[in-house]
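[1] could you work out the structure for the sequence below:
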Amino acid sequence: MSFFRDHRGLPLASSALMGRMSRRFVAELDRFIARHGLPLVLFAKGQRKDDVMIEHLDNGVLSCADPHQLQQICDGLSAAKIDQLLRKWLQLLLIRLPPPI
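    Numbers count the residues shown, from 1 in each chain. The predicted model follows:
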């Protein structure tokens, strides 16, 4: 109720309004996924994202066609470059973080 009243400036909560907002949100996600060529992973009701992952990699590469080139890329990484890349993707996903220390 407070979302509709305080944030949206409407006197009443409305499932019709929430439905329209939800459909617009899903459509925007679909456009984002298509624009950036991202895979879409669908979950069954009650399914956790951990259940969908087949093999967990905390910090690694599962497979690579050119290990030598991959090693060269990894050797060129620094904390600053990794932070820059992370912030680029977070900005694309509209997530804001404080500046690095």
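[2] what's the longest helix seen in the chain packed up against?
    Counting residues, the longest helix found in the chain (DSSP state H) is helix 15-36. Applying 3 or more CB pairs under 8 Å, 6 or more residues apart in numbering; DSSP states H and E, one finds that helix 15-36 makes contact with no other helix or strand. Placement of C-beta: from N, CA and C, glycine included.
[3] what residue ranges in this structure are flagged as low confidence?
    The model of the chain has pLDDT under 70 over residues 1, 49-59, 95-101.
[4] helices of that one, residue ranges please.
    So, for the chain - with DSSP H - the helices run 2, 15-36, 49-52, 67-75, 79-92.
[5] okay if I get those as CSV plus distance to Phe43 and mean neighbour count?
    Output for these, formatted as CSV (distance: least, CB to CB, whole Å; neighbours: other CB atoms under 10 Å):
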stretch, distance to Phe43, mean neighbour count
helix 2, 29, 8
helix 15-36, 14, 11
helix 49-52, 7, 9
helix 67-75, 31, 10
helix 79-92, 22, 11
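[6] CSV for those, including distance to Arg8?
    Converted to CSV, the helices of the chain look like this (distance: least, CB to CB, whole Å):
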stretch, distance to Arg8
helix 2, 10
helix 15-36, 8
helix 49-52, 30
helix 67-75, 46
helix 79-92, 26
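[7] of all the ones you listed, which one is nearest Val61?
    Closest to Val61 of those is helix 67-75 (CB to CB; 6.4 Å).
[8] for the closest one, which outside residues touch it?
    61, 64 (CB atoms under 8 Å, 6 or more residues apart in numbering).
[9] one more time with 10 Å, if that's ok
    The contact list for helix 67-75, computed with CB atoms under 10 Å, 6 or more residues apart in numbering, reads 61, 63-64, 66.
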